[in-house]
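Colleague: Here is a sequence with its predicted model. Questions after.
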Amino acid sequence: MPLGTLDRTPPPFFRQGLPARTKLALFAALAIFLMAADGRVGLIKPLRAAAATALLPLVRVLTVPVQAWGSGGDYLAGLQTALDNENAMRARLAAQAERSARAEQLAQENARLRALLELRPAVSVKTLAAEVLYEAPDPFSHKLFLDRGNQHGVVAGAPVINETGVLGQVTRVYPFSAEVTLLVDKDAAIPVVNTRTQHRSAAFGNGDGSTMELRFVGGNDDVQAGDVLTTSGTDGVYPPGLPVAKVASVDRRADSAFARIALVPTALPDGVRHVLVLEPLSVQLPARPEPPPEPENARPRRGGRR
């Protein structure tokens with residue numbers, strides 16, 4: 001077939017119809033008309049409402065991931081804020097509990113100091129306030145160390161008391177500290193008097209840290225549980241009338257001439273912080289007078305008779 005006879009017209013599918021400029025002008029005029037009509041009489045408003053109603057489920061479905069992402073971020077941020085606030089409140093609560101415990105401890109210490117100050121006028125000897133440094137590490141002895149020594153006027157043998165009674169006695173003195181042997185120590189002893197019967201005896205420590213024993217008391221002596229024992233003041237060390245112990249039990253044995261009497265000390269060493277060191281009574285006693293000199297005629301002569 002010769003080339004000149006071929007049909008060069010495009011198929012119907014690819015036919016362009018109106019020119020592009022004509023279409024642009026037509027659609028521009030249509031858009032201007034619709035905008036003018038919508039602005040004047042709301043011609044497109046029902047169509048817009050219908051389109052919005054039809055597209056609303058699709059919009060909600062599409063916004064779910066965005067809302068979930070934002071909500072997850074807010075949840076994590078809020079959770080971290082809540083954890084931070086909880087930690088801050090716990091720290092504040094711990095600090096408040098510490099302050100409360102410290103205030104309670106200071107109140108108890110203040111009560112003990114007031115009791116010591118009230119006890120000071122009742123003691124007729126010189127006193128020195130001291131603070132307990134630490135307990136002796138030896139488990140077989142019961143001793144305390146004070147922050148006052150011979151540079152402060154502490155002497156060996158000085159009684160040590162607190163607001164409840166006698167604690168012990170100074171046994172060793174250093175320049176700036178002193179060692180106190182407690183009444184519950186196995187080597188401690190103190191003369192006492194029964195306030196009910198005025199019977200005098202001696203109390204000794206058992207060495208267990210909490211009890212004492214009244215020794216050398218006859219099985220028929222009038223001693224009862226609950227009797228209060230105080231210092232007798234006859235040893236020249238302790239002032240009279242200081243509380244020492246209370247009778248806990250009395251065991252009268254038929255095979256022994258002495259009764260076994262258990263005591264509970266009035267002043268327990270546990271938790272003691274402040275004490276009073278008393279001057280021994282022997283320091284205040286007047287000096288012993290010197291004997292008068294012998295007359296010359298009373299002295300024996302050497303190699304002769306008197």
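Modeller: Now that the structure is in, tell me what you want to look at.
Colleague: which stretches of the stretch 151-300 of the chain form helices?
Modeller: For the stretch 151-300 of the chain, helices defined by DSSP state H, counting those that start in this stretch occupy the ranges 281-284.
Colleague: Now do the strands in it.
Modeller: 159-161, 166-173, 178-182, 189-194, 200-205, 212-215, 228-231, 243-251, 260-265, 274-278 (DSSP state E, counting those that start in this stretch).
Colleague: Nearest approach to residue 60 belongs to which of the ones you listed?
Modeller: For residue 60, the closest of the strands of the stretch 151-300 of the chain is strand 274-278, at 76.9 Å, according to C-beta to C-beta. Yep, even glycine has a C-beta here, placed from its N, CA and C like the rest.
Colleague: May I have the strands that pair with the closest one, each with its orientation?
Modeller: If you go by DSSP bridges, strand 274-278 pairs up with strand 127-135 (antiparallel), strand 159-161 (antiparallel).
Colleague: can I get those in a markdown table with mean pLDDT?
Modeller: As requested, these are exported to a markdown table (pLDDT from 0 to 100):
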| stretch | mean pLDDT |
| --- | --- |
| strand 127-135 | 89 |
| strand 159-161 | 92 |
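Colleague: domain parsing for the protein?
Modeller: Here the domain parsing of the chain from automatic domain parsing is 19-122, 127-284.
Colleague: Show me which helix runs longest in this structure.
Modeller: If you go by DSSP state H, the chain has its longest helix at helix 45-119.
Colleague: Which strands and helices lie in contact with that helix?
Modeller: Under the contact criterion of 3 or more C-beta pairs under 8 Å, 6 or more residues apart in numbering; DSSP states H and E, helix 45-119 touches strand 274-278.
Colleague: hmm, who's touching the strand it packs on?
Modeller: When contacts are defined by C-beta atoms under 8 Å, 6 or more residues apart in numbering, strand 274-278 is touched by residues 109, 112-113, 116, 119-120, 123, 125-132, 146, 148, 154, 158-162, 167, 170, 178, 180, 238-239.
Colleague: who touches the closest residue to residue 231 other than its chain neighbours in this structure?
Modeller: Of all residues not flanking residue 231 in the chain, residue 238 sits nearest, at 4.0 Å (C-beta to C-beta, 6 or more residues apart in numbering). By C-beta under 8 Å, 6+ apart, the contact set of residue 238 is 159, 166, 190-191, 231-232, 278, 281.
Colleague: now with 7 Å?
Modeller: Contacts of residue 238 were listed using C-beta atoms under 7 Å, 6 or more residues apart in numbering, and they are 159, 166, 190, 231.
Colleague: export the residues you listed to a markdown table and tack on distance to residue 62?
Modeller: Shown next, in a markdown table, are the contacts of residue 238 (distance: C-beta to C-beta, whole Å):
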| residue | distance to residue 62 |
| --- | --- |
| 159 | 92 |
| 166 | 90 |
| 190 | 95 |
| 231 | 96 |
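Colleague: Buried subset of those residues, written for PyMOL?
Modeller: Buried subset of the contacts of residue 238, written as a PyMOL selection, criterion 16 or more other C-beta atoms under 10 Å:
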select buried, resi 159+166+190+231
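Colleague: Centre-most residue in this protein?
Modeller: For the chain, the residue nearest the mean C-alpha position is residue 101 (4.8 Å; C-alpha atoms, centre = their mean).
Colleague: Tell me the confidence at it?
Modeller: On the pLDDT scale, residue 101 is placed at 74.
Colleague: Low-confidence stretches in the stretch 201-306 of the chain?
Modeller: Across the stretch 201-306 of the chain, the ranges flagged by pLDDT under 70 are 284-306.
Colleague: tell me the most buried of the strands of the stretch 151-300 of the chain?
Modeller: strand 159-161 (a mean of 25; mean count of other C-beta atoms under 10 Å).
Colleague: Name the residues that touch it?
Modeller: Applying C-beta under 7 Å, 6+ apart, the external contacts of strand 159-161 come out as 166-170, 180, 237-238, 242, 267, 275-278, 280.
Colleague: what distance separates it from the middle of the whole chain?
Modeller: 27 Å (C-alpha atoms, centre = their mean, to the nearest Å).
Colleague: cool, stretch 245-260 as well?
Modeller: Offset of stretch 245-260 from its chain centre (C-alpha atoms, centre = their mean): 41 Å.
Colleague: can you list contacts of that stretch?
Modeller: Applying C-beta under 7 Å, 6+ apart, the contact partners of stretch 245-260 are 203, 212, 216-219, 221, 223-229, 261-266.
Colleague: 10 Å instead, please
Modeller: Residues outside stretch 245-260 that contact it (C-beta atoms under 10 Å, 6 or more residues apart in numbering): 165-166, 183-184, 190, 192, 194, 196, 203, 211-221, 223-230, 261-267.
Colleague: Quick one, which of the contacts of strand 274-278 are buried?
Modeller: 112, 116, 119, 123, 127-130, 132, 146, 148, 154, 158-162, 167, 170, 178, 180, 238-239.
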